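> Turn this into a model:
(one chain, ligands or ions: 1)
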Amino acid sequence: MIGRLNHVALAVPDLDQAVATYREILGARVDAPCDLPEFGVTVVFVRLPNTNVELLHPLGERSPLIRFLQRHPSGGMHHVCYEVADIRAAVERLRVQGLEVLDPEPRIGAHGQPVVFLHPKGMGGVLVELEQASHDS
Ligand code: CO
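A predicted model of the protein is given here:
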């Protein structure tokens, strides 16, 4: 059911510094920052040949990332994102199998595509995002 690894998301305490590290030191192609108020995050995509890295930084006082960064002050891996062809079919199948889908309805994510998050407890302790693959990627 799952397809490509769309991205690995890293929570970072200093977004400018993380961007500089990936762009200047690691020599990666790095997109401009994008605010996602609904998710309480600012994201920056690092474009790699075979997948992407999503740098995540808190946006707003109620950002879920604030608590994450309190627990991981240096930053850390936040989630992985797999592509699926049909997000609603995927959610239905996962719920039938007893996995907890955190979002009652898919939300529009950083790429303008519908996404949901799966509870880490059924996923080996890792927060997992599913994103409906776009037809033009
Ligand atoms: Co993500």
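> Can you tell me the strand partners of the longest strand seen in the chain and which way each runs?
What stands out as the longest strand in the chain, according to DSSP state E, is strand 76-84. Sheet pairing of strand 76-84 (DSSP bridges) gives strand 5-11 (antiparallel), strand 128-132 (parallel).
> Now the last one - C-alpha only, PDB.
Once non-C-alpha atoms are left out, strand 128-132 reads as follows in PDB (Å, rounded to 0.1, in the frame of the first residue of the first chain):
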ATOM      1  CA  VAL A 128       4.100   8.400  10.800                       C
ATOM      2  CA  GLU A 129       2.600  10.700   8.200                       C
ATOM      3  CA  LEU A 130       0.800   9.500   5.200                       C
ATOM      4  CA  GLU A 131       0.500  11.800   2.200                       C
ATOM      5  CA  GLN A 132      -1.500  11.200  -0.900                       C
END
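> in that strand, what's buried?
Within strand 128-132, the residues scored as buried using 16 or more other Cβ atoms under 10 Å are 128-132. To be clear about C-beta, it is placed using only N, CA and C from the backbone, and glycine gets the same treatment.
> quick one: which of these is nearest residue 9?
Nearest to residue 9, judged by Cβ to Cβ, of these is residue 129 at 7.4 Å.
> give the contact list for that closest one.
6, 9, 79-82, 109, 115-118 (Cβ atoms under 8 Å, 6 or more residues apart in numbering).
> same thing with residue 86?
Residue 86 neighbours (Cβ under 8 Å, 6+ apart): residue 132.
> thinking again about what came up before, please convert the contacts of residue 129 to TSV, extending it with neighbour count and distance to residue 20.
Shown next, in TSV, are those (neighbours: other Cβ atoms under 10 Å; distance: Cβ to Cβ, whole Å):
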residue	neighbour count	distance to residue 20
6	26	24
9	22	19
79	19	23
80	17	24
81	23	24
82	18	29
109	22	25
115	20	28
116	23	32
117	19	29
118	22	32
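> thinking again about what came up before, how far does the longest strand of the chain sit from the chain's center?
Averaged C-alpha coordinates place strand 76-84 at 5 Å from its chain's average position (Cα atoms, centre = their mean, to the nearest Å).
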